[in-house]
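Q: Just to be clear, the model below is a prediction. Sequence and coordinates:
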Amino acid sequence: MPKAKEFTVTIADKPGALGKCFLALAERGVNILAFQSFVEEGESLARFVADDMAAAKAVLASLRMIFEETDVVVVRLAHRPGALGRAASRLGEKRINIDYSYCGFEPGSTVGLLVFGVDNLNVAATALDELAAEASTTC
């Protein structure tokens, strides 16, 4: 899963709004693999990667939510000290700027799922694939 789609959803900045959105996704069986949310200019923005992006898109549309899909790179690495630093450093070595990042976990796994919004998707995907392959041989 070196490349993936994420959703960026505009949610009202009020109590319960984020929960309503994520509960609606859960009711349709959509599992959130990684997410972040933050308030910017009076609106709450949530970015997330889901296990079923088509179903997630249908739910967001049915709720009449404002959202966009974005390409991101994702790498699965062991959850241990330095994993995030190595991934970010590898992207820096390839002269890739990280616009944002967040993490999550795959269901039933202790492997971290690191998500990066970057300025060069293809080079980043290759670099992180190489890092994941290296990490799997040293575990």
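A: Done, it's in.

Q: where does the chain have low pLDDT?
A: Applying pLDDT under 70 to the chain picks out residues 1, 137-139.

Q: So residue 131 sits against residue 73, correct?
A: No. With contacts counted by Cβ atoms under 8 Å, residue 131 stays clear of residue 73, the gap being 10.8 Å. Where you see a C-beta, it was placed from the backbone N, CA and C, and this is true even at glycine.

Q: neighbour count winner among those two?
A: Neighbour totals were compared for residue 131 and residue 73, and residue 73 leads with 28 against 19 (other Cβ atoms under 10 Å).

Q: so which strand or helix has that one?
A: strand 66-78 (DSSP states H and E).

Q: Can you list the buried residues in that strand?
A: 67, 72, 73, 74, 75, 76, 77 (16 or more other Cβ atoms under 10 Å).

Q: Number of residues surrounding the residue lying closest to the last one once chain neighbours are set aside?
A: What it means is residue 77. Leaving out its chain neighbours, the residue that sits closest to residue 77 by Cβ to Cβ, 6 or more residues apart in numbering is residue 83, at 4.3 Å. Residues within reach of residue 83, counting by other Cβ under 10 Å, total 19.

Q: Pull the contacting residues for residue 83.
A: Neighbour list for residue 83: 77, 112, 114, 135 [criterion: Cβ atoms under 8 Å, 6 or more residues apart in numbering].

Q: Also compute the angle for the top helix by length along the chain relative to strand 66-78, please.
A: Looking across the chain with DSSP state H, the single longest helix is helix 121-137. Orientation check (axes from the mean of the first three to the mean of the last three Cα atoms, to 10 degrees): helix 121-137 against strand 66-78 gives 30 degrees.

Q: All set, thanks.
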